[in-house]
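Chemist: Sharing a model prediction with you, sequence too.
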Amino acid sequence: MHFPVLKPAAAANSLICGDSARKDLPHVPASCQSRAWAERGFCKRCGTNLFYRLKETDHYFLNMGTFEDQSLFTVTDEIYIDEKPAGYDIAGDHPRLTGEEFLASLKRS
């Protein structure tokens, strides 16, 4: 599987997938509207952040920490590189987009 990395409120790795993502979760997560155009999903039991969803495109960004076996994934893109914390570098030869470039790419999708 190949998915881009997303920069949430704090440095973390996420993957992007379609609208079927929510159906595959073991429990129905709670969600709240975090922006007019997005919502965040979290565990109703412990409050762990599980996903970020863009409403217009119905793209889900799932936190990598929710997967037991992360070896299944490969980094294919890195976004919001202009806002990454100092010393937070992901090795490899893959596209790196600023926040502005990433948001512009969503409009083209």
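Modeler: Done, it's in. Numbering: from 1, shown residues only.

Chemist: Surely residue 107 is in a helix?
Modeler: Yes. Residue 107 forms part of a helix when assessed by DSSP: H, G, I helix; E, B strand; the rest coil.

Chemist: gap between it and residue 83?
Modeler: According to Cβ to Cβ, to the nearest Å, residue 107 and residue 83 sit 19 Å apart. Yep, even glycine has a C-beta here, placed from its N, CA and C like the rest.

Chemist: For burial, what's the neighbour tally of residue 31?
Modeler: Neighbourhood size, residue 31 [other Cβ atoms under 10 Å]: 16.

Chemist: With residue 37 instead?
Modeler: 12.

Chemist: Next: residue 72.
Modeler: Using other Cβ under 10 Å, residue 72 has 9 neighbouring residues.

Chemist: Look at it and report its pLDDT.
Modeler: For residue 72, the model assigns a pLDDT of 81.

Chemist: cool, the one 4 residues further on as well?
Modeler: Reading off the per-residue confidence, residue 76 sits at a pLDDT of 83.

Chemist: Specify the local secondary structure of it.
Modeler: Going by three-state DSSP: residue 76 is strand.

Chemist: I figured it was touching residue 94, is that so?
Modeler: Yes. Using Cβ atoms under 8 Å, residue 76 makes contact with residue 94 at a distance of 5.6 Å.

Chemist: For beta bridges, what are the partners of residue 54?
Modeler: Residue 54 forms beta bridges with residue 38, residue 59, as assigned by DSSP bridges.

Chemist: Many thanks, we can stop here.
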